[in-house]
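[1] Sequence plus the predicted model coming up.
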Amino acid sequence: MKKNVGKPDKIGRVLLGVLIISAGVIFQSWWGLIGAGIILPAIMGSDPFYTLVGLNTNKK
């Protein structure tokens, strides 16, 4: 899979994902799963939605 998620995008996704997972744990809701779904593309470096719409935040 082609890498299409750049470093600033990865940092933002991880921070947002951790915030949402924390809210899910604190409020005991399913939001934690959404947070994990936000972090996963950051870890992989590739976002399928970006591929569909032709976005690429990776400068390399």
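    Good, I have the coordinates.
[2] can you count the residues close to residue 45?
    By other CB atoms under 10 Å, 16 other residues sit near residue 45. Where C-beta positions appear, they are placed from N, C-alpha and C, glycine not excepted.
[3] Likewise for residue 19?
    Neighbourhood size, residue 19 [other CB under 10 Å]: 13.
[4] Please, which helix or strand holds the closest residue to it other than its chain neighbours?
    With sequence-adjacent residues excluded and distances taken as CB to CB, 6 or more residues apart in numbering, residue 19 is closest to residue 35, at 7.3 Å. Secondary structure assignment for residue 35, by DSSP states H and E: helix 31-44.
[5] For that helix, name the packing helices and strands.
    helix 7-26 (3 or more CB pairs under 8 Å, 6 or more residues apart in numbering; DSSP states H and E).
[6] For the helix it packs on, output the C-alpha coordinates as PDB.
    C-alpha atoms of helix 7-26 as PDB (Å, rounded to 0.1, in the frame of the first residue of the first chain):
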ATOM      1  CA  LYS A   7       4.300  13.300   9.600                       C
ATOM      2  CA  PRO A   8       2.100  16.300  10.700                       C
ATOM      3  CA  ASP A   9      -1.000  14.400   9.700                       C
ATOM      4  CA  LYS A  10       0.200  11.400  11.700                       C
ATOM      5  CA  ILE A  11       0.800  13.500  14.800                       C
ATOM      6  CA  GLY A  12      -2.600  15.100  14.600                       C
ATOM      7  CA  ARG A  13      -4.400  11.800  14.100                       C
ATOM      8  CA  VAL A  14      -2.600  10.100  17.000                       C
ATOM      9  CA  LEU A  15      -3.400  13.000  19.300                       C
ATOM     10  CA  LEU A  16      -7.100  13.100  18.200                       C
ATOM     11  CA  GLY A  17      -7.400   9.300  18.400                       C
ATOM     12  CA  VAL A  18      -5.900   9.300  22.000                       C
ATOM     13  CA  LEU A  19      -8.400  12.000  23.000                       C
ATOM     14  CA  ILE A  20     -11.300  10.100  21.600                       C
ATOM     15  CA  ILE A  21     -10.200   6.800  23.100                       C
ATOM     16  CA  SER A  22      -9.800   8.600  26.500                       C
ATOM     17  CA  ALA A  23     -13.300  10.000  26.200                       C
ATOM     18  CA  GLY A  24     -14.600   6.600  25.400                       C
ATOM     19  CA  VAL A  25     -13.000   5.100  28.500                       C
ATOM     20  CA  ILE A  26     -14.100   7.900  30.800                       C
END
